[in-house]
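Enquirer: pasting the sequence and the predicted coordinates here, then a few questions.
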Amino acid sequence: QTFSNAFAGFGDNDKEPIQIEAQELQVEDKTNSATFSGDVLVSQGETRMKTQKLRVFYDGKADGGVQQRIMRLEANGRVYISSKDQTATGDEASFDMTRKIMVMTGQQVVLSQGPNVVVGNKLTINLETGKADLEAPRSGRVKVLIQPNSLNGQGTGTGN
Amino acid sequence: MGSAAGLGDVRRSVLIQRPLVGRAIPARQLLSSDAWEDVAGARLSRARGDARRHTTRVRILRILFPVLGVAVLAVMAGLIVLFNVLTSLGIGNVMLTTEGLVMDRPELSGHDGDRSYKVSAERAIQRITDPRIIDLETITAEIVMGEGERAAITANRGTYNNGAETLLLKDGIKLDWSGDYDAEFSSVEVDLKTGEVRTSDPLVVRSTQGDISAGKFTYDQDNGVVRFTDGIKMTLRPGATRMGAVDTEN
């Protein structure tokens, strides 16, 4: 397991404010959802996410506060997530905040850390532990490119 | 004097009994001397003058009174119409100025079902050209949307359109939404019938856990859709819990 838990706590970190920029935001009380669209950029601390469309589902129970419990995020359209030295790109990504799991899918899901690149078409990251599983169910083969000396240069190399 | 006295007797007795205060004219002197002719002559010409003036006056009045009556009627009808337009506006005292009909501290209200609105202002000027358009100064508006959803809006200037029941506010607008958000607009248009709020100028919406700034904003109350468009920036402070609501961390 060669990737640091850079993604640990993404979207669940309560300390730093989250900045979201987009062309449009539509909040629908009836479906308890808010849809950001048009070059959406979400940033929190060192984590960035770029996508064309981001739907946020919150549970309607909490009363009118702007940020109720967020249950699920769905991003689609050239999704790019970067955190510390890791980036992941794909077509869609969904974050299940209750189970703290992010699943990114797409023709080509590319997970890179520094010079190392792994390509598949389904990436599952446990947001709490940062454990990342990359699968390639469609093509059946995961391509991994690891630069020889890139690992030992890394203090936090192995995830927990 | 018996009641059967002839016309002459009646006229003579009237003359004698004329109540000349402090100067009694002996009946005998009136009847006999030639003074009677010139006295009667003078009185005759004066009476004829009186009569002529009287008839002209009557002729004038015969035209004047009906015209006057119609005019008064018209004014009354006009006032009634004006006032029932104004009474729906609950007007304090009313002055007519060049700008239009100026009303002090008017209150407008309306409701349908559980949704109601009340708009009050320091001054309202009803345009003479179109009485449905009323310009307002220092406005406070309260819109109740039912189930605890209320919007309180204050603004320095605005225009209330009685026909379309819309309220256009400009200049220094503050909106407080059910105590959770407050918003600052440079202009906002409120459709008082459907409760839709929209603006095409930049705005900021703030609440304890986050702020949103956007170029345009529309809130469609019927199907509960809020749209911020024309570029938005949103900051969420996840740490800031709502007053009282505990953020249960699992």
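Expert: On my side now, so go ahead.
Enquirer: same for the helix with the most length in chain B, what does it pack against?
Expert: Of all segments of type helix in chain B, defined using DSSP state H, the longest is helix B:35-87. Under the contact criterion of 3 or more CB pairs under 8 Å, 6 or more residues apart in numbering or on different chains; DSSP states H and E, helix B:35-87 touches strand B:100-104. Just so you know, the C-beta spots here come from the backbone N, C-alpha and C atoms, and that holds for glycine as well.
Enquirer: so residue A:118 bridges to which residues?
Expert: Residue A:118 has the following beta-bridge partners by DSSP bridges: residue A:111, residue A:144.
Enquirer: which ones are touching residue B:167?
Expert: B:119, B:139, B:141, B:158, B:159, B:160, B:161, B:189, B:190, B:192 (CB atoms under 8 Å, 6 or more residues apart in numbering or on different chains).
Enquirer: leaving out the residues flanking it, which one is nearest to it?
Expert: Closest residue in space to residue B:167, ignoring its immediate chain neighbours: residue B:190 at 4.5 Å, by CB to CB, 6 or more residues apart in numbering or on different chains.
Enquirer: can you report how many residues lie near that neighbour?
Expert: Residues near residue B:190, counting by other CB atoms under 10 Å in any protein chain shown, number 26.
Enquirer: in contact with it, which residues?
Expert: By CB under 8 Å, 6+ apart, the contact list for residue B:190 reads B:141, B:143, B:153, B:166, B:167, B:168, B:169, B:196, B:197.
Enquirer: for it, helix, strand, or coil?
Expert: Secondary structure assignment for residue B:190 (DSSP: H, G, I helix; E, B strand; the rest coil): strand.
Enquirer: over to residue B:146. Which of the three states is it?
Expert: Quick answer, by three-state DSSP: residue B:146 is coil.
Enquirer: what pLDDT does the model give it?
Expert: Residue B:146 carries a pLDDT value of 71.
Enquirer: that one and residue B:112 touch, don't they?
Expert: No. Using CB atoms under 8 Å, residue B:146 is not in contact with residue B:112, being 10.8 Å away.
Enquirer: can the contacts of residue B:167 go into CSV with extra columns for pLDDT?
Expert: Formatted as CSV, those follow (pLDDT from 0 to 100):
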residue, pLDDT
B:119, 84
B:139, 89
B:141, 85
B:158, 91
B:159, 90
B:160, 87
B:161, 88
B:189, 90
B:190, 84
B:192, 78
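Enquirer: inside strands: which ones of the contacts of residue B:190?
Expert: Among the contacts of residue B:190, the residues falling in strands (DSSP state E) are B:141, B:143, B:153, B:166, B:167, B:168, B:169, B:196, B:197.
Enquirer: per-domain residue ranges of chain B.
Expert: B:50-89, B:101-236 (the TED database).
Enquirer: Provide a list of residues in contact with whichever residue of chain B sits closest to chain A.
Expert: Nearest residue of chain B to chain A (CB to the nearest CB) works out as residue B:224 at 3.5 Å. Neighbouring residues of residue B:224 by CB under 8 Å, 6+ apart: A:28, A:29, A:30.
Enquirer: want to throw those residues into JSON lines with distance to chain B and neighbour count?
Expert: JSON lines is the format used below for these (distance: CB to the nearest CB, whole Å; neighbours: other CB atoms under 10 Å in any protein chain shown):
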{"residue": "A:28", "distance to chain B": "5", "neighbour count": "16"}
{"residue": "A:29", "distance to chain B": "3", "neighbour count": "15"}
{"residue": "A:30", "distance to chain B": "5", "neighbour count": "9"}
